[in-house]
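S.K.: Provided below are the primary sequence and the corresponding predicted coordinates.
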Amino acid sequence: MLKLSGVFKTLRSGDRMLEILKPLDLHVPKAQVLAIMGPSGSGKSTLLGLIAGLDAPTGGSIAIDGTEITGMNEDELALLRGRKIGIVFQSFNLIPNLTALENIALPLELSADFMGDPEERARELLEAVGLGERGHHYPVQLSGGEQQRVALARAFAPRPAMLLADEPTGNLDTVTGATIVDLMLRLNREQRTTLIMVTHDPDLATQADRVVHLRDGSVVRDENRLVAGGTRSE
């Protein structure tokens, strides 16, 4: 589903070049749940941004579902994201002047590929995330946990092949965060989406099939938690 080959990222700081990500290879099969962990400054969010096409690598290649994205222009990347990738941000990123229902329906209305009724699909997902009675509310009228539920529903709405989550529980209390994780993993199983999440939360990482640890821009450990037969090792 995802193949990174020799991908690295450098930035200039004065007369120095900083290595944000050192050259790395990463292959992620379809429907795998991958957690990316590491201390602040290790390159986690940079890596996720490169996978999403929100930033360009300095070198190397990135392919999503067999499509090489390195070198695509902004319009091509936006089209790819609309078709293949859902993104969940720590800060929710809901549009404040749209209701919960409208926020979920928006990517479907903008998609040339979606053939159904965007409002019907949005209502279906509101029910799935437990907010069936809150569709007419605006983001400011929702709690943080409710906003993240809407953000999850919006990300899953186009049935993306891959979901990227950047600290999805970072702005939530422990109980609400656990509820969001359960919901995200349930929707992920139902839609067989490849899920890649950046997290500091070891409890969240234990629910992944695989955990990649970054430090100083390098992969220092890659733990596959699935054993023969597809069961999870504990």
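M.R.: Arrived safely.
S.K.: Can you name every helix or strand that the longest helix along the chain contacts?
M.R.: The helix that spans the most residues within the chain, counting by DSSP state H, is helix 174-191. In terms of contacts (3 or more CB pairs under 8 Å, 6 or more residues apart in numbering; DSSP states H and E), helix 174-191 is packed against helix 144-156, strand 162-166, strand 194-198, helix 202-205. C-beta coordinates here come from the backbone N, C-alpha and C atoms, glycine included.
S.K.: Can you list the strands that the second one pairs with?
M.R.: If you go by DSSP bridges, strand 162-166 pairs up with strand 85-88 (parallel), strand 194-198 (parallel).
S.K.: I'd like the next helix or strand past the first one.
M.R.: What it means is strand 85-88. Next helix or strand after strand 85-88 toward the C-terminus (DSSP states H and E): helix 100-109.
S.K.: what sits against the residue positioned nearest the centre of the chain?
M.R.: Nearest residue to the geometric centre of the chain (CA atoms, centre = their mean): Leu164, 1.1 Å. Contacts here follow CB atoms under 8 Å, 6 or more residues apart in numbering; on that basis Leu164 touches Leu48, Ile51, Ala52, Ile85, Gly86, Ile87, Val88, Ile196, Met197.
S.K.: Name the nearest of the residues you listed relative to Leu4.
M.R.: Nearest to Leu4 out of the contacts of Leu164 is Ile51 (CB to CB; 7.5 Å).
S.K.: Assumed that closest one was part of a helix.
M.R.: Yes: applying DSSP: H, G, I helix; E, B strand; the rest coil, one finds Ile51 inside a helix.
S.K.: What's the local residue count around it?
M.R.: By other CB atoms under 10 Å, the residues close to Ile51 number 24.
S.K.: Might one say that it is in contact with Leu2?
M.R.: Yes: if you go by CB atoms under 8 Å, Ile51 and Leu2 touch, sitting 6.6 Å apart.
S.K.: list residues touching both of those two?
M.R.: What both Ile51 and Leu2 touch, as defined by CB under 8 Å, 6+ apart, is the set Ile62, Ile64, Ile196.
S.K.: hmm, back to that, among the strands paired with strand 162-166, which comes closest to Thr206?
M.R.: Taking CB to CB as the criterion, Thr206 comes closest to strand 194-198 out of these, the separation being 12.4 Å.
S.K.: how much distance is there from the closest one to the middle of the chain?
M.R.: Strand 194-198 sits 5 Å away from the centroid of its parent chain (CA atoms, centre = their mean, to the nearest Å).
S.K.: one step back: highest average neighbour count across the helices and strands packed on helix 174-191?
M.R.: Of those, the one with the most neighbours on average (mean count of other CB atoms under 10 Å) is strand 194-198, at a mean of 25.
S.K.: Output that strand in CSV, but only the C-alpha positions, please.
M.R.: C-alpha atoms of strand 194-198 as CSV (Å, rounded to 0.1, in the frame of the first residue of the first chain):
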residue,chain,number,x,y,z
THR,A,194,-4.3,1.0,6.0
LEU,A,195,-3.8,3.1,9.2
ILE,A,196,-0.6,5.0,9.9
MET,A,197,-0.6,7.0,13.2
VAL,A,198,2.0,9.1,14.9
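S.K.: which outside residues touch that strand?
M.R.: Here strand 194-198 makes contact (CB under 8 Å, 6+ apart) with 1-2, 28-37, 44-45, 47-48, 51, 161-168, 184-185, 188, 204, 208.
S.K.: Kindly recompute the last result at 7 Å.
M.R.: Applying CB atoms under 7 Å, 6 or more residues apart in numbering, the contact partners of strand 194-198 are 1-2, 28, 30-36, 44-45, 48, 51, 161-168, 188.
S.K.: what does stretch 177-189 give?
M.R.: By CB under 7 Å, 6+ apart, stretch 177-189 touches 33, 128-129, 145, 148-149, 152, 156, 163, 165, 168-169, 172, 195, 204, 207.
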